[in-house]
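[1] Prediction below, plus the sequence it came from.
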Amino acid sequence: MFHNVFSKGWSLYSQNLIKRPLITKGLTAATCYTVSDAFIQHANYLQNNSTEKGQYQHDYSRSVKSFIYGVCVLGPTLHYWFRALDKIVPNVKGNSLPLPKIHIDKVPSPFFRKSTNNQLLLSNNGLTRGITNSIVQYSPHTINLQWLTKFSPQRLVWSAKRVLIEQSSYALLMTGVYFISSTTLDFIFDKSLLNQSIGERINAWATTIKSRLTSEYKEYHMNNLKIQPFSTFFNFLLVPPIYRGLALNLFNVGLNVNKWRNSK
């Protein structure tokens, strides 16, 4: 029963990634980011519980801000960045791997359905073009994704190039975007600022952003560099293009869950 529910849910999610990629990736990022924030909040409570007694109270306004950031900023930027990266670093000719033909309707897996659209899910270049071959080889007992086990030197270099470009451009920019977005949302939800004039609020907003970028940007970005390049490398190398945003968001959730577990 669970397998059937998961299979149908995954199929529906995959179809929406193709038909409505922007909103689907936005909602995915928003959900994952909100869940991550919930674990962070509880982890912070557990760490401070020895000095701050009292029952745990979840900050729902912070959760709302996390959801807004995910759906309006993180999801859309990842969507367009991955599309741009496909054009900046396209697949090299030597990167193509064997693509054996199979009958899609014979594959008992939630990843595939008897639909031409679903053949787009594992296209190497991530572009929405139909492909005549599938990247799987079916046997009665296993589904072998050949490109998961055959790492050509060209593909390793291709993935490394993508990581280098991302870390030297997108990652630097998004760190700044994060501080600007989070500060903006904090000011929007701060009721204590309602008595101030618009000019005063704008000045306070600009001053806060400048202060955060000066004092927090470097440390925040350096902490990301300890993990992000490695996770991104394997994300490009292993994950089908259409699921890379999901994989990245789930990885971040996993990091925060681990932080929460270590706080218990």
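    Ah, there it is.
[2] Wait, residue 77 touches residue 174, no?
    Yes - counting by CB atoms under 8 Å, residue 174 is a contact partner of residue 77 at 6.6 Å. C-beta: built from backbone N, CA, C; applies to glycine.
[3] tell me how far the helix or strand encompassing residue 83 is from the chain's mean position?
    Element membership for residue 83 (DSSP states H and E) is helix 75-88. Distance, stretch centre to chain centre, for helix 75-88: 12 Å (CA atoms, centre = their mean, to the nearest Å).
[4] What of stretch 17-34?
    Put simply, stretch 17-34 sits 9 Å off its chain's centre (CA atoms, centre = their mean).
[5] Same check on stretch 182-199?
    Distance of stretch 182-199 from the chain centroid (CA atoms, centre = their mean) equals 29 Å.
[6] Not counting it itself, show me its contacts.
    61, 64, 65, 68, 69, 201, 204, 205, 208, 209, 212 (CB atoms under 8 Å, 6 or more residues apart in numbering).
[7] quick one, what contacts the fourth one?
    With contacts defined as CB under 8 Å, 6+ apart, residue 68 is in contact with 30, 185.
[8] what's the angle between the host helix or strand of it and helix 75-88?
    Element membership for residue 68 (DSSP H and E) is helix 60-69. For helix 60-69 against helix 75-88, the angle by axes from the mean of the first three to the mean of the last three CA atoms, to 10 degrees is 30 degrees.
[9] buried sites along the longest helix along the chain?
    For the chain, the longest helix by residue count, based on DSSP state H, is helix 21-48. Judged by neighbour count (16 or more other CB atoms under 10 Å), helix 21-48 contains these buried residues: 21, 24-43, 45-46.
[10] quick one: least confident helix or strand in this structure?
    Every helix and strand in the chain was compared by mean pLDDT, DSSP states H and E; the lowest is strand 136-138, with a mean of 40.
[11] which stretches of the stretch 101-250 of the chain form helices?
    Here the stretch 101-250 of the chain has its helices, by DSSP state H, counting those that start in this stretch, at 146-149, 153-165, 171-189, 198-215, 217-225, 228-238, 244-263.
[12] of the ones you listed, which approaches residue 73 most closely?
    Nearest to residue 73, of all the helices of the stretch 101-250 of the chain, is helix 171-189, at 5.2 Å by CB to CB.
[13] Quick check: buried residues in the closest one?
    Buried positions in helix 171-189, judged by neighbour count with 16+ other CB under 10 Å: 171, 174, 175, 178, 179, 181, 182, 183, 184, 185.
[14] picking that back up, okay, angle between the longest helix of the chain and helix 75-88 too, please.
    Using the same axes, to 10 degrees: helix 21-48 against helix 75-88 is 120 degrees.
[15] Residue 230 and residue 170: what is the separation?
    16 Å (CB to CB, to the nearest Å).
[16] Next, residue 91: secondary structure please.
    With DSSP: H, G, I helix; E, B strand; the rest coil as the basis, residue 91 sits in coil.
[17] Touching, it and residue 158? I think so.
    Yes - counting by CB under 8 Å, residue 91 touches residue 158, with 6.7 Å between them.
[18] These two: which has the busier surroundings?
    Taking neighbours as other CB atoms under 10 Å, residue 91 and residue 158 compare with residue 158 leading, 19 against 15.
[19] Tell me how far the more buried one lies from residue 31.
    30 Å.
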